[in-house]
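Asks: return atomic coordinates for the entry below.
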Amino acid sequence: MEASVDVAVVGGGIVGLGIAWEAVRRGHSVTLIDPAPATGATRAAAGMIAPASELHYREEHLLELTMDSARRYPEFITSLAWTGIDPGYRNTGTLVLAVDGADRQALADLRTVQSAHGLDVEQISVREARRSEPMIGPAATGAFRAGEDHQLDPRKLAASLHSAVLARGTILAATASALERNGDRVIGVKLHDGGTVAARHTIVANGLAASELTHLPVQLPMRPVYGDILRLRVPTSLQPLLTHTVRGLVRGHAVYLVPRADGTVVLGATIREDGSNAVSAGGVYQLLRDAQQLVPAVAELELEEILCRARPGTPDNAPLLGGVPGVDGLLIATGFFRHGVLLTPAAAALCVDLLKGKPVPPGIERYRPDRFGKGQQ
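Replies: Okay, the predicted model is just below:
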């Protein structure tokens, strides 16, 4: 039996690390359990803090939460400054481009929704877009600017969080297999090697693997949504290739390019649910093809890395976030799909507020983890 702690966090992706750090800095003893932190979806994430350009049809209910989380990011980043690891937070906005008439109309329709919610998204001329980003190619025929969007490097943020949690808490390189329960109270976590971690509060934040835990009191019906993502290095002669994040619709296909301060560009991302975690040749071709339509110089970059990772999606594409009615000592924070990085500060603050006994904020009830049914009682 491991020593008892205030909080056991199952899962060391960006959300789990964020929750663990928030709990540590608010005075709790914490053990984070993960055999290989930040190697799953976090490693592939592009790091766009983009509540405006990430707004999707029929997901408008997420906007209040994503906006709240984006506002929390500056202070969240500042709290980690002592680690000495710069997460690359940049307030540069997003340029959104269209190639053909259908793309322009789709973006115009989206802008109508964005404007109705008070988001800072404006239509600009392609000429103005090229003044900001001279590398934009001649195929672009429409442009929008999302001024509230920011970005960071999730790998560096994860490294900073890992360093912070390790310095002031415990990170256990192990795999959780089950919740330890005493009636209607969760009292810790059982590990695959037979050990246990006793805790006053247990927070399940291990993405797709959350549904594999036994003794869960709720159903967590998640599905893997795979995505191919590329990292390209910009030759010195072309630096800086871009200063803004550039997103676009290219004949109906979405693509984005996120520039990094280290001279690389993140290019992504496909969305497929074919059950394969292997890199898709067709997906890589599509990304390179469409990115070159927006920024032709992409053809001159060095291909440095190709990854495929699975994002944890739920049946309604909304997170599973909060406590479970009738069960003490347990919080769930998983199923974040595309928004894991974006929602990390808000999810972390909410979880620590709840374990301190604060009431559920308005609007969060719709993300109740038990909305798909009960699990093992």
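
Asks: which residues touch P240?
Replies: Listed by CB atoms under 8 Å, 6 or more residues apart in numbering, the contact partners of P240 are 234, 259. C-beta here means a position set from N, CA and C on the backbone, and glycine is covered the same way.

Asks: next up, phi/psi of it, please.
Replies: In terms of degrees, to the nearest 10, the main-chain angles of P240 are phi -80, psi 130.

Asks: my guess is V266 contacts A46, does it?
Replies: Yes. Between V266 and A46 there is a contact under CB atoms under 8 Å: 4.7 Å.

Asks: per-residue confidence at the closest residue to N206 other than its chain neighbours?
Replies: Of all residues not flanking N206 in the chain, G11 sits nearest, at 2.9 Å (CB to CB, 6 or more residues apart in numbering). For G11, the pLDDT comes out at 98.

Asks: quick check: G11 vs L65, distance?
Replies: 19 Å (CB to CB, to the nearest Å).

Asks: over to E365?
Replies: In terms of CB to CB, E365 sits 12 Å off from L65.

Asks: from one end of stretch 33-49 to the other, what's the distance?
Replies: With CA to CA, to the nearest Å applied, stretch 33-49 spans 26 Å between its terminal residues.

Asks: the spatially most central residue of the chain: which element?
Replies: With distances taken as CA atoms, centre = their mean, G340 lies nearest the centre of the chain, 2.2 Å away. Secondary structure assigned from DSSP states H and E places G340 in helix 340-355.

Asks: which residues sit in contact with L354?
Replies: When contacts are counted by CB under 8 Å, 6+ apart, L354 touches 322-323, 331, 360.

Asks: got a markdown table for those residues, with pLDDT too?
Replies: Below are these laid out as a markdown table (pLDDT from 0 to 100):
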| residue | pLDDT |
| --- | --- |
| G322 | 97 |
| G323 | 96 |
| L331 | 98 |
| V360 | 91 |
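
Asks: most surrounded residue in these?
Replies: L331 (25 neighbours; other CB atoms under 10 Å).

Asks: quick one: secondary structure of that residue?
Replies: State at L331, reduced to three classes by DSSP: H, G, I helix; E, B strand; the rest coil: strand.

Asks: that one against A348, yeah?
Replies: No. Contact criterion CB under 8 Å: L331 and A348 do not qualify, at 11.1 Å.

Asks: what do the two both touch?
Replies: Contacts common to L331 and A348, judged by CB under 8 Å, 6+ apart, are absent.

Asks: about what we covered before: name the residues contacting each of V266 and A46.
Replies: Contacts common to V266 and A46, judged by CB under 8 Å, 6+ apart, are 229, 256, 258.

Asks: most neighbours among those residues, please name it.
Replies: V258 leads these on contacts (other CB under 10 Å) with 27 neighbours.

Asks: quick one: that residue from G268, how far?
Replies: Taken as CB to CB, the span from V258 to G268 is 8 Å.

Asks: now do the helices in the stretch 201-350 of the chain.
Replies: With DSSP state H, counting those that start in this stretch applied, the stretch 201-350 of the chain shows helices at 281-294, 340-355, listed in chain order.

Asks: can you say which of those is nearest to L179?
Replies: helix 340-355 (15.4 Å; CB to CB).

Asks: now that closest one: average pLDDT?
Replies: 97.

Asks: look up how far P240 lies from the spatially most distant residue from the centre of the chain.
Replies: Residue farthest from the centre of the chain, counting by CA atoms, centre = their mean, is G183 at 33.9 Å. Using CB to CB, G183 is found at 59 Å from P240.

Asks: and for G252?
Replies: For G252, the distance to P240 - CB to CB - is 29 Å.

Asks: list the buried residues in the lowest-mean-pLDDT helix or strand in the chain.
Replies: Least confident helix or strand of the chain, by mean pLDDT, DSSP states H and E, is strand 2-10 with a mean of 88. Residues 2, 5-10 are the ones in strand 2-10 that count as buried (16 or more other CB atoms under 10 Å).
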